[in-house]
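Enquirer: below: sequence and its predicted model.
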Amino acid sequence: MKIAVLAGGTSNEKEISLLSAKNVLETLKELNYESELIDPTDKDFNKKIKEFDLIFNVLHGETGEDGKIQGYFELNKVPYTCSEQKTCVVCFDKFLFYELFKNKFKMPKTILTKNYIDPPFKFPIFIKPNTGGSSKGVYIVHNEVEYKEKLEKNIKIYTEVLIQEAIKGTEISISFLEKDNEFVVLPILEILPKNEFYDYEAKYKDGMTNFSIYESNKEINKKINNIKEEIFKILKLKDIFRIDAIILNDEVYVLELNTVPGLTKISDLPQSAKANNIEFNELIKIIIENHRRD
């Protein structure tokens, strides 16, 4: 197979996308695949993609995760990794995801706004863009001064902003891997950031977050399985995905679902795979094998 690694783009997650791509490219070369980095901004992109047997998507943020590139590939019948267009549209729009699933399982109360509104919840409160990832533009605020400053800043930059109650519990990352047409739940990561929450710095700067395997009980496992089943009733997922959640008093509060998880050396999903004795090379191999059967 000749494999293109799709990365870069113009979103504010370009830097992380390129780090993921570097990791994947090194592995593909070790696995003896003919591979190359391609960027959707390349002038000959339309011609280039037709030269490959598979597009390995690590294009984070706008275009790569919002359904645009998936729709383009589907129209041109180009095979690609990770989930289909409709699923990406729903998951990239955090409020749409919230509206679809808020009555199916526990989620923090969330309001979408394009204008300043008074604080709808008790402090602390999260303020975040409705679209985007890598915790860019995400703030936790503790009083009305911080709230006004961060909300107005985000409205100016992102237009659509989420105001969300802060659930103060154990932050976890639940990664899923498709193998032999079935999704398995990888070991759950407990996230212990040195900052107040798992922000951009905590995610991507070495030493800013400690990780451990979360020791879940039967009740938690049952709830995670129920969350998975409810999601699969509505969405079609492929290869890999990750759910970010908070556990409080044996309840699992889902924050969001990421259809194109990071594949950097310190990203959550590769760490979960490693805890399941799946090294990075094997993880990439499994994803490619999914497409040999298609």
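Expert: Perfect, I can see it now.

Enquirer: does the residue nearest to Tyr72 when sequence neighbours are not counted belong to a helix, a strand or coil?
Expert: Once flanking residues are discounted, Tyr72 sits nearest to Val78: 8.0 Å by C-beta to C-beta, 6 or more residues apart in numbering. Backbone N, C-alpha and C define where each C-beta goes, glycine included. Recorded secondary structure, Val78: coil (DSSP: H, G, I helix; E, B strand; the rest coil).

Enquirer: surely Val78 touches Ile55?
Expert: Yes: using C-beta atoms under 8 Å, Val78 makes contact with Ile55 at a distance of 6.0 Å.

Enquirer: intersection of neighbour lists for those two?
Expert: In terms of C-beta atoms under 8 Å, 6 or more residues apart in numbering, Val78 and Ile55 are both contacted by the residues Ile49.

Enquirer: and these two? which has more neighbours close in?
Expert: Neighbours per residue (other C-beta atoms under 10 Å) separate Val78 from Ile55, with Ile55 holding more: 21 against 16.

Enquirer: mind listing the residues bridging to that one?
Expert: Under DSSP bridges, the beta-bridge partners of Ile55 are Ala4, Tyr80.

Enquirer: count the residues that sit near Ile117.
Expert: 11.

Enquirer: what does Ile140 give?
Expert: 18.

Enquirer: quick check, pLDDT for it.
Expert: Among the per-residue scores, Ile140 shows a pLDDT of 93.

Enquirer: now Asp206
Expert: Reported pLDDT for Asp206: 70.

Enquirer: hang on, Leu19 packs against Pro270?
Expert: No: with contact defined as C-beta under 8 Å, Leu19 does not count as touching Pro270 (11.8 Å).

Enquirer: quick one: which of the two has more around it?
Expert: Pro270 (24 against 20).

Enquirer: excluding chain neighbours, what is closest to the more buried one?
Expert: Nearest non-adjacent residue to Pro270 (C-beta to C-beta, 6+ apart): Phe280, at 5.5 Å.

Enquirer: what number of residues lie near that neighbour?
Expert: Around Phe280 sit 19 other residues, with neighbours defined as other C-beta under 10 Å.

Enquirer: how much space between it and Ile243?
Expert: Shown here: Phe280 relative to Ile243, a distance of 21 Å by C-beta to C-beta, to the nearest Å.

Enquirer: now swap in Leu59 and tell me
Expert: Counting by C-beta to C-beta - Leu59 and Ile243 are separated by 20 Å.

Enquirer: same question for Leu112.
Expert: Distance from Leu112 to Ile243, by C-beta to C-beta: 21 Å.

Enquirer: and these two? Which one has more around it.
Expert: For Leu112 and Ile243, the more surrounded residue by other C-beta under 10 Å is Ile243, and the numbers stand at 22 against 16.
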